[in-house]
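> Predicted model and sequence follow; I will ask about them next.
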Amino acid sequence: MDMAGKQDARTAALVVGPDGVVSGWSESGRLLLGWTAEDAVGRPVTDLLAAPPPPGFPESYGSGPDHTELIPLRHRDGSTVDALVSAHPLFGADGRALGHAVTVHLWERRPVIADLAFEQCPFALGVYDPELRFLWINASSGRVIAHSEEQVLGKKYRELFPEFDRELFPERDDKPYTDQLAEVARTGEPARLITVFHPLGSDYANAWATSMWPVRDAEGRVRAVANWGFDMSAEYWARQRLLILNEASSGIGRTLDVLGTAQELATTPVPGFADRVTVDLFDEVLHGEEPPLSPSSASASASGEAITLSRAAQHSAKCDTDRAPVRPMPVSHAPGSVATRCMATGRSTVQLAAEPGHGGEWAFGPGLAADPAHWPPGNPLIDESIAADGLTGRITVPLRARGALLGVVEFSRSDRPEAFTADDLILAEELTAKAAVAIDNARRYSRERTTALTLQRSLLLQQLPSQEALEVASRYLPAGTGAEVGGDWFDVIPLSGARVALVVGDVVGHGLYASASMGRLRMAVRTLADVDLPPDELLTHLDDLVIHLASDLQPAGRFQPTGEFGATCLYTVYDPVSRRFTLASAGHPLPLLISPDGTRTPAPAQPGPPLGIGGLPFEATELELPEGSLLALYTDGLVESRERDVDQGIADLLRVLNHSATSLEGLCDTVMDAMLPERRTDDAALLLARTHALDPRHVADWDVVPDPAQVPRARKFTLDQLEAWGLEEASFVTELVVSELVTNAIRYGEPPIRLRLIRDASLICEVSDASNTAPHLRRARAFDEGGRGLLLVAQLTQGWGTRHTTDGKTIWCAQALAEPEPR
């Protein structure tokens, strides 16, 4: 019955006999409740009630004063009509009770204008009985469910809307809504719910906010469940865009890697915003170089030739394996294409497969139609050709950062029918802009890191020098991608007397500054090593140099350090003649010693302060090593990481080192694989050395009496020793050199004087005395009687020098030996 009919008949009368059966029915009863006289007469009056009859109805009503009560009546259409019911007893002429005259008056709980207000409310309003039968809906609710009030009243929800298969139709799943309605009817507790679903008659996901509450009668019983809801799609999708932007803030640009950042951009918007995303970059961007095209040159390419980029990343909601290729693949964008025009103009373009609301394949849903955003000029572009690719829409955005064009990004929709909106374009541009800055940062970092690595490699030891005292192998690995290059270095320096210096150091900081500082310190160590200073004295001089370097770098500049300049260094010297190993440390980890019997221990020495502190001494420690001992020198990047501290790292390194390994190169690989994590945050250097001892038969020495008459005897001693070694071809030069050096020692030095010959890779002559006065090379004038001896030594030998000791000095020179002829 419509509202007009109910308004026309507000009062009805009927007659009920003593047996409770209706015996009289008025036309007003039909208008009020929908029952005709034929339907009602002869039926128990209780059939007209929508609830159990109140006590004494209607019999007891005639035994006292008139009785009026609010009673729910059943309308023929199944709805309930609340009415005020009055019963009046009827008596015959003889006083016999004939029954009751019952008056039914429609209970006007609210004025008619209130009914109109609810009926015309833009929110969807509805009332269900506890079995989820429709009792009433307004016009807005009817539009949402695509049914009129007459079609749904008295019917259960599931009779009209069977439950969809949630696997086949996940977008039409309304089970959360019906479950919540049933829960409110069961518990009597109000509830709120936000659901995202596709309404009947629409292909678009709408977000609805719904409030539900129980309707109780006078006794507090739940008689119905009412609800109201409104379409909050615009607000919901705006919130989803913000969530995607928030995810992008933490998910894009986490690493300083171009490909990794591009993949983060491709992954973040899928599937919440787009079904597929591709990121195309210029090759120069991938390699850390400047992008090749300016907007003007891109414009020329757009009209004349294709632009070739590299597909750096892609991701699709359909295929989890649609990730960035192992190697970026070339992608060509044709002249005049949307991507080329976007790169030329610097403006984004939105392509839609059909025009919304004009007979196309889709139209805006209720929430999207309310979107207040306005399209920028030229958008959207209706392009039916993208439907051939299975797309409903595509947003193409140029990837630009700091005025440079890096590439282009495409956001595509295919699985969902929703059209892109102007707000979606804003989101796509925001995501691209954030990623562009991160990609450009990664590009700049890649370029600077490549420069730093190139500088570092040029400053490091390129090839191990030839020497006989030690078997040496080394490894150097820079920090992993995403970390700056550090200042680690190592060196192997041949010294006089067949000795060899092993050096490992680490400059505080990272980047170009650390690499440049490392190069300066390495050259300084080499220079001081040529002077043949003891390890502790060498570190003292190096400490002074670091202090001066720090003061020189005080003015602001490109390479100014962010903190105080400092470094650590370990300087060691091994003598194969005496098997003595001397070391001093400036804040650097001590070397590890593995003896031939397998004993493993750090060197028993005391590290000094790091370089750059100043004013504190360095202590040298001297050890005698068995032949075949294994030495391991390293930087802290090898033993320290986020997963373990230094002490644990050193213990792990000692366990990995195998003294019986036949190949030091293989042992280096084993150590690096075992010690370094996949993601390194610091450089790591390793220097392994196995000691050799010089055969005592290859060393000859003689105490020289400080008398010029002893010079001939020194020459004879030399010639006899060379003959014993089979080096007669070196006799002439060696005799002259020994004669000059011994003569100078007797004339200018202090006793005791000692002559030593060493046969190693070269023939070494050494003359030691107790004087600290060092000779120097000079050019003798025409009439000078002396001054030509050292010049003669320098001309005839491969090298010469002075080595100061605790009790004097040693003058040495070395001659190259001819390679032995094969037998």
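Good, I have the coordinates.
> So for the residue of the chain positioned farthest from its centre, what pLDDT did the model give?
Within the chain, the residue lying farthest from the chain centre (CA atoms, centre = their mean) is residue 94, at 100.7 Å. Listed pLDDT for residue 94 reads 83.
> doesn't it fall inside a helix?
No. Counting by DSSP: H, G, I helix; E, B strand; the rest coil, residue 94 is not part of a helix but coil.
> now it: how far from residue 15?
Distance, residue 94 to residue 15, using CB to CB, to the nearest Å: 18 Å. Where you see a C-beta, it was placed from the backbone N, CA and C, and this is true even at glycine.
> Residue 628 now?
On the measure of CB to CB, residue 628 and residue 15 end up 126 Å apart.
> Among these two, which residue is more densely surrounded?
Using other CB atoms under 10 Å, the more surrounded residue of residue 628 and residue 15 is residue 15, with 18 against 15.
> hang on, the more buried one packs against residue 24?
Yes. Applying CB atoms under 8 Å, one finds residue 15 in contact with residue 24, separated by 3.1 Å.
> which residues does residue 493 bridge with?
residue 501 (DSSP bridges).
> since we're on it, how many residues are nearby?
Residue 493: 19 neighbours (other CB under 10 Å).
> now residue 505
Number of residues near residue 505 (other CB under 10 Å) recorded here: 25.
> Just confirm it is within a helix.
No. Note on residue 505: no helix contains this position according to three-state DSSP, which reports strand.
> how close does it get to residue 720?
Taking CB to CB as the measure, residue 505 falls 45 Å from residue 720.
> cool, residue 598 as well?
43 Å.
> same thing with residue 549?
Shown here: residue 549 relative to residue 720, a distance of 52 Å by CB to CB.
> Between these two, point out the one with more neighbours.
Neighbour totals were compared for residue 549 and residue 720, and residue 549 leads with 18 against 11 (other CB under 10 Å).
> and stretch 34-51, how far apart are its ends?
End-to-end distance of stretch 34-51 (CA to CA, to the nearest Å): 18 Å.
> Which stretches in the stretch 651-800 of the chain count as strands?
Secondary structure of the stretch 651-800 of the chain (DSSP state E, counting those that start in this stretch): strands at 684-691, 699-704, 753-759, 762-769, 799-805.
> and those as TSV, adding mean pLDDT, distance to residue 407 and mean neighbour count?
As requested, these are arranged in TSV below (pLDDT from 0 to 100; distance: least, CB to CB, whole Å; neighbours: other CB atoms under 10 Å):
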stretch	mean pLDDT	distance to residue 407	mean neighbour count
strand 684-691	92	35	24
strand 699-704	91	68	17
strand 753-759	92	65	21
strand 762-769	91	60	22
strand 799-805	85	57	16
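> Redo those strands as TSV? Include distance to residue 387.
TSV is the format used below for the strands of the stretch 651-800 of the chain (distance: least, CB to CB, whole Å):
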stretch	distance to residue 387
strand 684-691	55
strand 699-704	90
strand 753-759	87
strand 762-769	82
strand 799-805	81
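> Those strands: which one's closest to residue 149?
Taking CB to CB, strand 684-691 is the member of the strands of the stretch 651-800 of the chain nearest to residue 149, at 77.5 Å.
> just the angle between the closest one and strand 500-507, please?
170 degrees (axes from the mean of the first three to the mean of the last three CA atoms, to 10 degrees).
> which helices and strands sit right next to strand 684-691?
Helices and strands touching strand 684-691, by 3 or more CB pairs under 8 Å, 6 or more residues apart in numbering; DSSP states H and E, are strand 470-477, strand 487-494, strand 500-507, strand 630-634, helix 636-639, helix 664-675.
> Tabulate these in CSV, adding columns for mean pLDDT and distance to residue 726.
Output for the helices and strands packed on strand 684-691, formatted as CSV (pLDDT from 0 to 100; distance: least, CB to CB, whole Å):
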stretch, mean pLDDT, distance to residue 726
strand 470-477, 89, 25
strand 487-494, 87, 24
strand 500-507, 92, 25
strand 630-634, 94, 33
helix 636-639, 86, 45
helix 664-675, 90, 31
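> for the ones you listed, which one sits closest to residue 266?
That would be, of these and by CB to CB, strand 470-477, which comes in at 30.2 Å.
> what sits up against that closest one?
460-461, 464, 488, 490, 492, 500, 502, 574, 576, 631, 663-665, 667-669, 671-672, 676, 680, 683-692 (CB atoms under 8 Å, 6 or more residues apart in numbering).
> Give me the buried subset of the residues you listed.
Buried by 16 or more other CB atoms under 10 Å: 460-461, 488, 490, 492, 500, 502, 574, 576, 631, 664, 667-668, 671-672, 676, 680, 683-692, out of those.
> Just the angle for the lengthiest helix in the chain relative to strand 487-494, thanks.
As assigned by DSSP state H, the longest helix anywhere in the chain is helix 422-459. Put simply, helix 422-459 runs at 20 degrees to strand 487-494, going by the same axes, to 10 degrees.
> chain center to helix 422-459: distance?
Offset of helix 422-459 from its chain centre (CA atoms, centre = their mean, to the nearest Å): 14 Å.
> who does it touch, helix- and strand-wise?
Using 3+ CB pairs under 8 Å, 6+ apart: helix 422-459 touches helix 233-251, helix 258-267, strand 393-401, strand 404-413, helix 512-530.
> just the strands in the stretch 201-350 of the chain please.
Along the stretch 201-350 of the chain, the stretches classed as strands by DSSP E, counting those that start in this stretch are 206-216, 222-231, 276-281, 307-316, 329-333, 349-352.
> List of residues touching stretch 282-294?
Contacts for stretch 282-294 (CB under 8 Å, 6+ apart): 258-259, 301, 307, 309-310, 312, 328, 343, 404-407, 439, 443-447, 449-450.
> let's go with 7 Å and repeat that
258, 301, 309-310, 312, 328, 404-407, 439, 443, 446-447, 450 (CB atoms under 7 Å, 6 or more residues apart in numbering).
> Next, the buried residues of it.
282, 285-286, 288, 291, 293.
> Also stretch 308-321?
Of all the residues in stretch 308-321, those buried under the rule 16+ other CB under 10 Å are 309-317.
> Let me know the closest of these to residue 264.
Looking across the buried residues of stretch 308-321 and measuring by CB to CB, the closest to residue 264 is residue 313, at 8.0 Å.
> just to revisit the earlier point, show me the one of the strands of the stretch 201-350 of the chain that comes nearest residue 517.
Residue 517 lies closest, by CB to CB, to one member of those: strand 276-281, at 33.9 Å.
> could you give the angle of that closest one to strand 404-413?
170 degrees.
> what's the angle from strand 276-281 to strand 307-316?
Counting by the same axes, to 10 degrees, strand 276-281 points 150 degrees away from the direction of strand 307-316.
> Adjacent strands (with direction) for strand 276-281?
Strand pairing for strand 276-281, using DSSP bridges, gives strand 307-316 (antiparallel), strand 404-413 (antiparallel).
> okay if I get those as CSV plus mean pLDDT and distance to residue 264?
What follows is the strands paired with strand 276-281, written out as CSV (pLDDT from 0 to 100; distance: least, CB to CB, whole Å):
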stretch, mean pLDDT, distance to residue 264
strand 307-316, 91, 8
strand 404-413, 93, 12
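> Now tabulate those strands in a markdown table and tack on distance to residue 760.
Below are the strands paired with strand 276-281 laid out as a markdown table (distance: least, CB to CB, whole Å):
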| stretch | distance to residue 760 |
| --- | --- |
| strand 307-316 | 56 |
| strand 404-413 | 59 |
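> Show me the domain layout of this structure.
Following automatic domain parsing, the chain resolves into domains at 3-106, 112-231, 236-449, 462-691, 697-816.
> roughly how far is the longest one from the heart of the chain?
Here domain 462-691 shows a centroid-to-chain-centroid distance of 32 Å under the convention CA atoms, centre = their mean.
> Over to stretch 342-359?
Using CA atoms, centre = their mean, the distance from the centre of stretch 342-359 to the centre of the chain it belongs to is 33 Å.
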